[in-house]
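**Student:** Mind looking at a prediction? Sequence and model below.
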Amino acid sequence: MFGHDMSWASFNVLEVMASPKYHQKRVGYLGAIQTFGPDTEVLMLATNLLKKDLTAASTTTIALPIVTLPHVITPSLALSVLPDILPRLTHTSPAIRKKTIVTLYRLALVYPETLRAAWPKIKERLMDRSEDASVTAAIVNVICELGWRRPHDFLALAPRLFELLVDSGNNWLAIKLIKLFATLTPLEPRLVRKLLPPLTEIIQTTPAMSLLYECINGIIQGGILGSGDDTTGKEEIASLCVNKLRSMIMVDGDPNLKYVALLAFNKIVDTHPWLVAQQEDVILECIDSADISIRIKALDLVQGMVSNDNLVSIVSRLMKQLKLSSTIDRKRGFNTTGSSPGDSSDDDLDGTTNLPQKATDQMPPLPDDYRVDVINRILNMCSQNNYTHLNDFEWYIDILTQLVRIAPTSKNANDTGNSPPAGRTDSGDISEKIGNELRNVAVKVQAVRGNCLQAAEIILTQLKNDMPPGHSLISGVLGPVTWVVGEYAAELEAPEDTLGLLLQLVPRVSAPEPLAAGLQATMKVFSRSAGDQLTRWSAEHKSKILLLMARIVHTFEAFTLHPSLEVQERAVEFTELLKLTVEAASAQETSTELVHQDNPLLLTQAIPSLFVGWELKSVATGAQKNVPLPAGLDLNEAINLNLNFLLASAEYMVIPGDEDDEFDTYYYQRPPATSIASEPAIARLADERQTSSGSYQQPTEESYLDADIVARRKLERLEKNRDDPFYIREPGSIRSSSTPIHNILQNSNGPDLDVDSIPIMELDLDKLSVGVSHAPTKLSKASRTKPRQRIVIAADENLASSGQSTPKNDSENDSGSLASKSTRTRRLKQSVLGVDSTNIGTLALEGGADNGTYDHEAQQREEAEMARAMKEVERLRLEMQRANERVQVAHGVDAAGTIVTKKKKTAGKTKKKEATTTSQGAVAEGTTEGAKVSKGKKKTAKTTTIDEGMVGVQAEAQPSVVKRKKKARPPVQIE
């Protein structure tokens, strides 16, 4: 009972079980229940004891082995005790009958033939209306457990089960019956119309929440809501179920009801999404529940009911939850984003929430796994179906910026200076997914590409400020963000500032993939900054370019020996290219007022040409699978057959040390320290831009966005609506705003505007209205409303032959469906008691033993009988073939099918007749159906027909032999 091993006392337990005293026998059986198992060695010694106690006269004694058998049953033991336990189904005590029925089900799990022998008596007990309620409930329980395996075997019991559902007042029995009918309705659709009235009545009248939920769940699982017949009735029952589920969620203090109600909502949303969408307020309240399981189920439901109308409200609610949890962690001392406690962003965040200290202390912190799940769902909801539900991309970019700030760091990032294994960014870092989403928006939506660049610069600045000096940057967002900055460097407003920011971040990056992207982005931004041909090559511009190149070379030289080959290759290539450019720029004379000098071609043409080409677009996931392989491509063939020889000879190659030339001096000797790279360039960096276009004003932006983002969006709205007379501005911003009309009046009248000095003109409406067309007025009104910017979302590129779905996606879907089917099959086969019940699913409850598939001896007998039958058929076939050959030879046809014709004589007619009679008899013996002889009236003619079903007779061996002679009897024709 306490888990200690008692195998050493098994024989002693068996002795106590055999005691004639009931109180000792009961203790022994209890010990057997606790310690015995199917692999107990002394269990075979207890078989006779169990059979003896099953036939005892005392009811209490009979109950002991019946209760013990489910815990120690084995196939051999079940076969032994089955004849003794079946008579207990007709025992006078209802308790014995009830326990016997439940024990028989346990026996059937290990020995399926039990059901075939016991089912007639169990069915008789069910049909008996005078049977005890407990026995009936036990039978219904067993049928419910067997119903999901073979539901068609219990369709004949539907009238009796429906009667029990209507007349029985037992809630537990009603729950079992509803579960059973949920498996029967797909097989018999007519049950739906019969079940709707009683189920509706139970839903409307029952006070038991368990029965109410099971009714709703049975309606959903039975397919009643999804069937096509009686649409009006289905809508009424669906609305009733949704209203009852809403009331279950609103019951305070019972999280179990909320959980099961959300489970039912997740099933109803597939057939009636509009009804579930009406309960949005109640479902969103569950997102803030203290129970994490309820939050997750609410997130599943919210993700399925998202649309264009409720996307902003749902995401705002989730963002508020994430920001609130991040604020609580910072106040309690948890630093989830790697930022220092004294950052300005944290102070702004704390100032915007203004939470009570008591409420903050009572709220439990959210685990990082839940935060990552919420962020993933936000990204999935916004990017669903190629951003179908997203209307404001500027708002979405601000959401991504805020998510980077509040996203939890990965486990590897929390280690002290340790980079992820294998030198890569952590695959589980959620910030990398956020950066990828920002990159997708920049690639697909060209209209908001400038906003993406501004967001990328803000993120880079935030990462630089949050991480203390001397620490490595291992955030997953670095790679995608630097890629965006480098790929669309032509749209940067201040490329020099961005270049300085990159040069500060690149030395602190540890992972190779973001580092390689940072090196590439740095060169692209430098190409954009220094490759302008229209810029005058002045002394100041020359000094600035040389300073930038010296600083880049100084930064890249540290990565020329990096362990990653990708980083090393890019660093070496760019370093050598910049060294050549430095020489060309130093030798180029500057422009003066009299002499014009062009910019170096390496700056204006060579370096920019490296990054100019086709615009990169989004590619479908499985498009690569559709690319056909070239005909002559052999991946197993060696590129160079002498590769091993070349590598071996390279080890012994000796270069004389006295043959130094300019190449060795240039590449292997450090130049003298005469460059201006030591001069600090940080002083030339301007302040980061904080302007970003925002979306229309949301009432809850302050609750889930940081103060700097909210202020930036507010300033952008004021700037956009400055000249709009219908936009109501704040009182403090009226004087500070300046419109073009205000500037004209200010310049003409001075700072102090005298209203009385304005001249008054006489207005004659009659003269003005003459000859004036109203078309300009309409045009002016139309010109007031600015056309909304058209957002075009680029689709994923794919091959023409692949269509919308690619083989990779199809294979993934197929594998997922197969995996789900196999998982579902394993779930069906799995029993609560941990016993393999696979054989029950193919067992027929009614019929003889020949219907089963588990009698191995019977199967062997059938195979032997089939073999004997095949031998007999072969023997008969050979006999019929030989008889047919004898008939053909007798009538002039040899075994090869050649017809032999002989002259007929009058004296030979008698022999001919005898031969014909003999052949007819032989054919009659060799055929299975006999022969048929027809005679004419005037001319006697005999026709012998052999059955076409005879095996082994070939078509060539059946010719028609016809002998024509005057007044002669026609010969026998064999068909």
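**Tutor:** Thanks, I have the structure now.
**Student:** What is the top helix by length along the chain packed up against?
**Tutor:** The longest helix of the chain (DSSP state H) is helix 856-890. Contacts defined by 3 or more Cβ pairs under 8 Å, 6 or more residues apart in numbering; DSSP states H and E place helix 856-890 against helix 909-926. To be clear about C-beta, it is placed using only N, CA and C from the backbone, and glycine gets the same treatment.
**Student:** residues touching Arg97, list them.
**Tutor:** Arg88, Leu89, Thr90, His91, Arg125, Asp132, Val135, Ala138 (Cβ atoms under 8 Å, 6 or more residues apart in numbering).
**Student:** Show the buried residues in those residues.
**Tutor:** Arg88, Leu89, Arg125, Val135, Ala138 (16 or more other Cβ atoms under 10 Å).
**Student:** So the closest residue to the second one other than its chain neighbours versus Ile607, what's the distance?
**Tutor:** Yep, that's Leu89 we're talking about. Leaving aside its sequence neighbours, Leu89 sits nearest to Lys121 (Cβ to Cβ, 6 or more residues apart in numbering; 4.5 Å). For Lys121, the distance to Ile607 equals 93 Å [Cβ to Cβ, to the nearest Å].
**Student:** okay, the two: which has more neighbours?
**Tutor:** Ile607 (21 against 18; other Cβ atoms under 10 Å).
**Student:** For Thr388, give me phi and psi.
**Tutor:** Phi and psi for Thr388, reported as degrees, to the nearest 10, are phi -70, psi -40.
**Student:** Look at it and say how many residues are nearby.
**Tutor:** Other residues close to Thr388 by other Cβ under 10 Å number 12.
**Student:** ok, it - contacts?
**Tutor:** Thr388 neighbours (Cβ under 8 Å, 6+ apart): Asn308.
**Student:** if we can go back for a sec, average pLDDT for the longest helix of the chain?
**Tutor:** In this model, helix 856-890 carries a mean pLDDT of 82.
**Student:** And it, what's buried?
**Tutor:** Result for helix 856-890 [16+ other Cβ under 10 Å]: buried residues Met880, Gln881, Ala883, Asn884, Glu885, Val887, Gln888.
**Student:** Export the residues you listed to JSON lines and append columns for distance to Thr498.
**Tutor:** Converted to JSON lines, the buried residues of helix 856-890 look like this (distance: Cβ to Cβ, whole Å):
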{"residue": "Met880", "distance to Thr498": "97"}
{"residue": "Gln881", "distance to Thr498": "96"}
{"residue": "Ala883", "distance to Thr498": "102"}
{"residue": "Asn884", "distance to Thr498": "99"}
{"residue": "Glu885", "distance to Thr498": "101"}
{"residue": "Val887", "distance to Thr498": "105"}
{"residue": "Gln888", "distance to Thr498": "103"}
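**Student:** Tell me which two of those sit farthest apart.
**Tutor:** Taking Cβ to Cβ, the two most distant members of the buried residues of helix 856-890 are Met880 and Gln888; they sit 12.7 Å apart.
**Student:** Quick one: the helices in the stretch 351-500 of the chain, in order.
**Tutor:** 357-362, 368-382, 393-406, 430-444, 449-466, 478-487, 495-505 (DSSP state H, counting those that start in this stretch).
**Student:** Quick one: work out the angle between the fifth one and helix 478-487.
**Tutor:** In terms of direction (axes from the mean of the first three to the mean of the last three Cα atoms, to 10 degrees), helix 449-466 departs from helix 478-487 by 130 degrees.
**Student:** Also the last one?
**Tutor:** Taking the same axes, to 10 degrees, helix 495-505 and helix 478-487 form an angle of 150 degrees between their directions.
**Student:** Give the next helix or strand downstream of helix 495-505.
**Tutor:** From helix 495-505 onward toward the C-terminus, using DSSP states H and E, the following helix or strand is helix 512-530.
**Student:** next structured bit after that next one?
**Tutor:** Heading towards the C-terminus - elements assigned by DSSP H and E - helix 512-530 is followed by helix 539-556.
**Student:** CA-only coordinates of that following helix, as PDB, when you get a sec.
**Tutor:** Taking C-alpha atoms only, helix 539-556 is exported to PDB below (Å, rounded to 0.1, in the frame of the first residue of the first chain):
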ATOM      1  CA  ALA A 539      39.100  68.500 -48.900                       C
ATOM      2  CA  GLU A 540      36.500  68.200 -46.100                       C
ATOM      3  CA  HIS A 541      34.600  65.400 -48.000                       C
ATOM      4  CA  LYS A 542      37.900  63.600 -48.700                       C
ATOM      5  CA  SER A 543      38.900  63.700 -45.000                       C
ATOM      6  CA  LYS A 544      35.500  62.400 -44.000                       C
ATOM      7  CA  ILE A 545      35.600  59.500 -46.400                       C
ATOM      8  CA  LEU A 546      39.200  58.600 -45.400                       C
ATOM      9  CA  LEU A 547      38.100  58.700 -41.800                       C
ATOM     10  CA  LEU A 548      35.200  56.400 -42.400                       C
ATOM     11  CA  MET A 549      37.200  53.900 -44.400                       C
ATOM     12  CA  ALA A 550      40.000  53.900 -41.800                       C
ATOM     13  CA  ARG A 551      37.400  53.200 -39.100                       C
ATOM     14  CA  ILE A 552      35.800  50.400 -41.100                       C
ATOM     15  CA  VAL A 553      39.200  48.800 -41.800                       C
ATOM     16  CA  HIS A 554      40.100  49.000 -38.200                       C
ATOM     17  CA  THR A 555      36.800  47.300 -37.200                       C
ATOM     18  CA  PHE A 556      36.900  44.600 -39.900                       C
END
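**Student:** Check the average confidence over that helix, would you?
**Tutor:** On average, helix 539-556 scores 91.
**Student:** Now do the buried residues in stretch 181-195.
**Tutor:** Of the residues in stretch 181-195, those buried (16+ other Cβ under 10 Å) are Phe181, Ala182, Thr183, Leu184, Thr185, Leu191, Val192, Leu195.
**Student:** Do a quick rundown of the strands in this structure.
**Tutor:** 932-934, 943-945, 973-974 (DSSP state E).
**Student:** got a list of what the residue nearest to Leu89 touches?
**Tutor:** Leu86, Leu89, Thr90.
**Student:** Quickly note the distance from the nearest residue to Thr35 once chain neighbours are set aside to Cys215.
**Tutor:** The shortest distance from Thr35 to any non-neighbouring residue, by Cβ to Cβ, 6+ apart, is to Met6 (4.3 Å). For Met6, the distance to Cys215 equals 46 Å [Cβ to Cβ].
**Student:** These two - which one has more neighbours?
**Tutor:** Cys215 (26 against 14).
**Student:** I figured the more buried one was touching Gln204, is that so?
**Tutor:** No - look at Cys215 against Gln204 with Cβ atoms under 8 Å: they stay out of range, at 10.0 Å.
**Student:** how near is Leu492 to Ala456?
**Tutor:** From Leu492 to Ala456 the distance is 10 Å (Cβ to Cβ).
**Student:** Of those two, give the one with the bigger neighbour count.
**Tutor:** Ala456 (29 against 22).
**Student:** Isn't the more buried one up against Val484?
**Tutor:** Yes - look at Ala456 against Val484 with Cβ under 8 Å: they come within range, at 4.8 Å.
**Student:** C-alpha coordinates for stretch 495-507, PDB please?
**Tutor:** The C-alpha trace of stretch 495-507 is given here as PDB (Å, rounded to 0.1, in the frame of the first residue of the first chain):
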ATOM      1  CA  PRO A 495      23.200  56.900 -43.700                       C
ATOM      2  CA  GLU A 496      26.200  58.300 -41.900                       C
ATOM      3  CA  ASP A 497      24.500  58.100 -38.500                       C
ATOM      4  CA  THR A 498      23.400  54.500 -39.300                       C
ATOM      5  CA  LEU A 499      26.900  53.600 -40.300                       C
ATOM      6  CA  GLY A 500      28.300  54.900 -37.000                       C
ATOM      7  CA  LEU A 501      25.700  52.800 -35.200                       C
ATOM      8  CA  LEU A 502      26.600  49.700 -37.000                       C
ATOM      9  CA  LEU A 503      30.300  50.200 -36.400                       C
ATOM     10  CA  GLN A 504      29.600  50.400 -32.700                       C
ATOM     11  CA  LEU A 505      27.500  47.200 -32.700                       C
ATOM     12  CA  VAL A 506      29.500  44.900 -35.000                       C
ATOM     13  CA  PRO A 507      32.500  44.400 -32.600                       C
END
